[in-house]
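**Student:** give me a 3D structure for the following:
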Amino acid sequence: MAVSVALRAVSRRYPQLTALDGVDLEVAAGETVMLTGPSGAGKSTVLHLTGGMDRPDEGHVEIDGVQLTPRDLDAHRRRIGFVFQRFHLLPALTALDNVLAPVLPRRVDFDRHERGRELLEAVGLGDRADALPSQLSGGQQQRVAVARALINRPGLLLADEPTGNLDSVIGREIIDLLMALRERYGMTMLIATHDAEVAASGDRVVRLQDGRITSDQRITPAADVLGRLGGLRP
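**Tutor:** Model prediction:
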């Protein structure tokens with residue numbers, strides 16, 4: 001089920017660099033927010049903090065109105081999906097085994113292989129389950145990576161430049177796929193991108209620069225987002 005996300009006065013500082021400076025951001029459940037801005041603006045830091053892979057120096061992150069604490073992070077990370085610019089597939093594993101990799105080390109309450117095959121079908125690769133990454137195109141590898149991110153049926157999907165290593169046509173296909181999967185599985189999405197065409201696919205475009213939000217533009221009418229939420233939450 002899609003979740004809401006909020007960053008409350010979040011700052012993250014490194015030696016000689018302020019990655020985020022007092023950022024406030026709210027994302028409704030089921031909404032797709034595109035994060036744009038130049039390199040070093042803070043887009044990836046927002047994703048890492050939201051995904052529990054990093055912790056803020058000041059402020060806090062909320063999921064469904066509940067503040068994330070250090071002891072929540074492991075469980076939180078298991079409930080989200082993350083898609084990277086580089087596909088990070090394991091070269092010795094088949095497409096199906098790459099999709100299953102996040103859940104192989106632990107007990108789950110579903111049939112791994114059934115869900116993995118379902119997800120490969122959902123991303124258009126049902127007939128390539130036994131293919132190695134070296135036998136797949138870049139676009140196909142990213143589709144496998146998307147399926148892998150969904151193995152736990154996350155309520156939140158984070159994507160960091162998911163089309164950055166792809167040409168414009170294949171990149172468009174990946175974004176269209178993500179939007180379709182959002183509707184099918186019911187997710188909130190935060191996507192960092194440099195591509196203006198990709199950014200225009202979201203419900204909102206949030207621009208960052210020097211660790212601060214400089215604009216927040218709604219593309220999809222709020223009523224459409226609320227209507228979608230009604231479908232996600234019976």
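**Student:** which element is residue 114 on?
**Tutor:** Using DSSP states H and E, residue 114 falls within helix 112-122.
**Student:** excluding chain neighbours, what is closest to residue 112?
**Tutor:** residue 100 (5.2 Å; CB to CB, 6 or more residues apart in numbering). To be clear about C-beta, it is placed using only N, CA and C from the backbone, and glycine gets the same treatment.
**Student:** and the gap between the one you found and residue 49?
**Tutor:** 28 Å (CB to CB, to the nearest Å).
**Student:** so what pLDDT did the residue nearest to residue 112 get?
**Tutor:** On pLDDT, residue 100 comes in at 95.
**Student:** let's verify it: helix, strand, or coil?
**Tutor:** helix (DSSP: H, G, I helix; E, B strand; the rest coil).
**Student:** re the thing from before, who touches whichever helix or strand comes after the helix holding residue 114?
**Tutor:** Next helix or strand after helix 112-122 toward the C-terminus (DSSP H and E): helix 138-149. Outside helix 138-149, the residues that touch it by CB atoms under 8 Å, 6 or more residues apart in numbering are 81-84, 87-89, 95, 98-99, 101-102, 116, 119-120, 122-125, 128, 131, 133, 136, 157, 162-163, 165-166, 170, 173-174, 177-178, 181.
**Student:** same thing but 6 Å
**Tutor:** Helix 138-149 is contacted by residues 81-83, 87, 89, 95, 98-99, 119-120, 123, 125, 133, 166, 170, 174 when judged by CB atoms under 6 Å, 6 or more residues apart in numbering.
**Student:** so residue 184 sits in a strand?
**Tutor:** No: counting by three-state DSSP, residue 184 is located in no strand; its state is helix.
**Student:** about what we covered before: and the gap between the residue nearest to residue 112 and residue 179?
**Tutor:** Residue 100 is 25 Å from residue 179, by CB to CB.
**Student:** look at those two and report which has more neighbours.
**Tutor:** With neighbours defined as other CB atoms under 10 Å, residue 100 and residue 179 compare such that residue 100 has more, 21 against 14.
**Student:** can you map out the helices along this structure?
**Tutor:** Assigned by DSSP state H, the chain shows helices spanning 43-50, 73-77, 95-100, 112-122, 138-149, 168-185, 196-199, 222-232.
**Student:** residues near the nearest residue to residue 94 once chain neighbours are set aside, how many?
**Tutor:** Setting aside the residues directly before and after it, residue 94 is nearest to residue 130 in space (CB to CB, 6+ apart), at 5.1 Å. Using other CB under 10 Å, the number of residues around residue 130 comes to 10.
**Student:** my guess is residue 130 meets residue 95, correct?
**Tutor:** No: counting by CB atoms under 6 Å, residue 95 is not a contact partner of residue 130; they are 7.2 Å apart.
**Student:** can you pull the contacts of residue 154?
**Tutor:** 79-81.
**Student:** list buried residues within those.
**Tutor:** Neighbour-count burial (16 or more other CB atoms under 10 Å) applied to these gives 80-81.
**Student:** least confident pick among the contacts of residue 154?
**Tutor:** Lowest confidence among the contacts of residue 154: residue 79, with 87.
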